[in-house]
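*Asks:* coordinates only, no sequence provided:
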């Protein structure tokens, strides 16, 4: 038990530090969008803080496999560099006898990831979309200004003579819609009403008595349409596009909702494959977290390096291979070309094979040849 506690204490500090760094890096990558929301879009800081909170479950689900692997690799690399593993083996302690604290740690990470994936992530995704719609409502009011050309929504230029914010009524409206890549629509109307549709997460501009001028981007053709009423829908993909496009609808559903949707969706429909993949990944990704922790034992024990940077590099390399396989399988399963019932387990199968291979090599004191050209991956004579 003394040995187990010692190994356990080696893992936890690195795990917490790595998790903090991963969260910081992924949030920093979105800081440009967040800063733009605060400075140029008039979004309140509390709303931005809410967006960060709602994004955390997905970030944690992504980070846990890498952080679990990295913390175990770095811990055992430190034990190996200080010859403590050699001392343990000399005392008759095999690599398998060092596994129990890592198994316990990996199980804790597995349960945490399973809980986040099944409960926190759907809640975060739903709340994120709801908050985006509230921001879109505010943005519609803030972005439209009287007698000034403005662009409150992407690729939609507005000019209004007067705007009643209480009634959300626009008078003498001129709108240029450039969202269509092949055609530009110019709408001129006496008045328009802004209608919020929270259930559909869309904003509708209802124009009354006006004209639409449609011009092809190549300027080869054009036509004019007169109307009494015309509805222009603006979805979340047109509002805060960089943030809104990050999420897919199945991510918002809880496990019971995913099961219910599967029952109501024909298995020949492409949506069935996406929902099935999302449901099965609630378990497959937490399992990957567990196996990542086990893989870290033979990697850290066998790698010969001069510092933690070696362990971090190898961990990121293994995680990158896993993530690449995961993304490829996700794309293939979503199209229906491969059954999600089989496809989602391929990354876990890769990890299981890796665990067996690496543990056997480490137990037999044989070098691990992941990338033979890198000398730090081989056990050198005399060491």
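*Replies:* On my side now, so go ahead. Here the structure is a predicted model, which means the values were calculated and not measured.

*Asks:* show me where the chain has helices.
*Replies:* In the chain, the helices defined using DSSP state H lie at 2-28, 31-39, 45-81, 84-90, 99-115, 121-143, 241-244, 255-264, 270-302, 308-335, 340-343, 346-363.

*Asks:* dump those helices to CSV, plus mean pLDDT and distance to residue 198.
*Replies:* Where C-beta positions appear, they are placed from N, C-alpha and C, glycine not excepted. Shown next, in CSV, are these (pLDDT from 0 to 100; distance: least, Cβ to Cβ, whole Å):
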stretch, mean pLDDT, distance to residue 198
helix 2-28, 91, 27
helix 31-39, 67, 20
helix 45-81, 90, 16
helix 84-90, 89, 58
helix 99-115, 96, 29
helix 121-143, 75, 6
helix 241-244, 44, 15
helix 255-264, 89, 18
helix 270-302, 92, 22
helix 308-335, 87, 28
helix 340-343, 92, 31
helix 346-363, 92, 37
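
*Asks:* which strand residues bridge residue 146?
*Replies:* Note on residue 146: beta-bridge partners by DSSP bridges are residue 160.

*Asks:* does it touch residue 161 like I think?
*Replies:* Yes: between residue 146 and residue 161 there is a contact at 6.8 Å, judged by Cβ atoms under 8 Å.

*Asks:* out of the helices of the chain, nearest to residue 208?
*Replies:* Across the helices of the chain, residue 208 has its closest neighbour in helix 121-143 (17.9 Å, Cβ to Cβ).

*Asks:* so residue 156 touches residue 178, yeah?
*Replies:* Yes: with contact defined as Cβ under 8 Å, residue 156 counts as touching residue 178 (7.5 Å).

*Asks:* which one's more surrounded, the two?
*Replies:* Ranked by neighbour count (other Cβ atoms under 10 Å), residue 156 and residue 178 place residue 156 first, with 21 against 15.

*Asks:* what's the spacing between the nearest residue to the more buried one once chain neighbours are set aside and residue 193?
*Replies:* Distances taken as Cβ to Cβ, 6 or more residues apart in numbering put residue 177 closest to residue 156, at 5.7 Å, once the chain neighbours are dropped. Separation of residue 177 from residue 193 (Cβ to Cβ, to the nearest Å) stands at 17 Å.

*Asks:* can you check residue 284 too?
*Replies:* In terms of Cβ to Cβ, residue 284 sits 47 Å off from residue 193.

*Asks:* same question, residue 150
*Replies:* 18 Å.

*Asks:* same question, residue 255
*Replies:* 40 Å.

*Asks:* rewinding a little: who's the residue nearest to residue 156 bridged to?
*Replies:* Residue 177 has the following beta-bridge partners by DSSP bridges: residue 156, residue 185.

*Asks:* pretty sure it contacts residue 151?
*Replies:* No: using Cβ under 8 Å, residue 177 is not in contact with residue 151, being 11.3 Å away.

*Asks:* of these two, which one has the most company?
*Replies:* Using other Cβ under 10 Å as the criterion, residue 177 and residue 151 rank with residue 177 on top: 20 against 13.

*Asks:* the more buried one and residue 208, how far apart?
*Replies:* 17 Å.

*Asks:* how about residue 210: what's its closest non-neighbour residue?
*Replies:* That would be residue 189: by Cβ to Cβ, 6+ apart, it lies 3.0 Å from residue 210.

*Asks:* determine the number of other residues adjacent to that neighbour.
*Replies:* Neighbours of residue 189 under the rule other Cβ under 10 Å: 24.

*Asks:* if I read this right, it contacts residue 207, doesn't it?
*Replies:* Yes: counting by Cβ under 8 Å, residue 189 does reach residue 207; the two are 4.0 Å apart.

*Asks:* spit out the residues that contact those two alike.
*Replies:* Common contacts of residue 189 and residue 207 (Cβ atoms under 8 Å, 6 or more residues apart in numbering): 173, 230.

*Asks:* ok, and the closest non-adjacent residue to the spatially most central residue of the chain?
*Replies:* Closest residue to the average C-alpha location of the chain: residue 58 at 5.3 Å, with Cα atoms, centre = their mean. Excluding the flanking residues, the one nearest residue 58 by Cβ to Cβ, 6+ apart is residue 121, at 5.7 Å.

*Asks:* was I right about that neighbour contacting residue 57?
*Replies:* Yes: with contact defined as Cβ under 8 Å, residue 121 reaches residue 57; the gap is 4.2 Å.

*Asks:* the more surrounded of the two?
*Replies:* The neighbour comparison of residue 121 against residue 57 (other Cβ under 10 Å) goes to residue 121, with 25 against 22.
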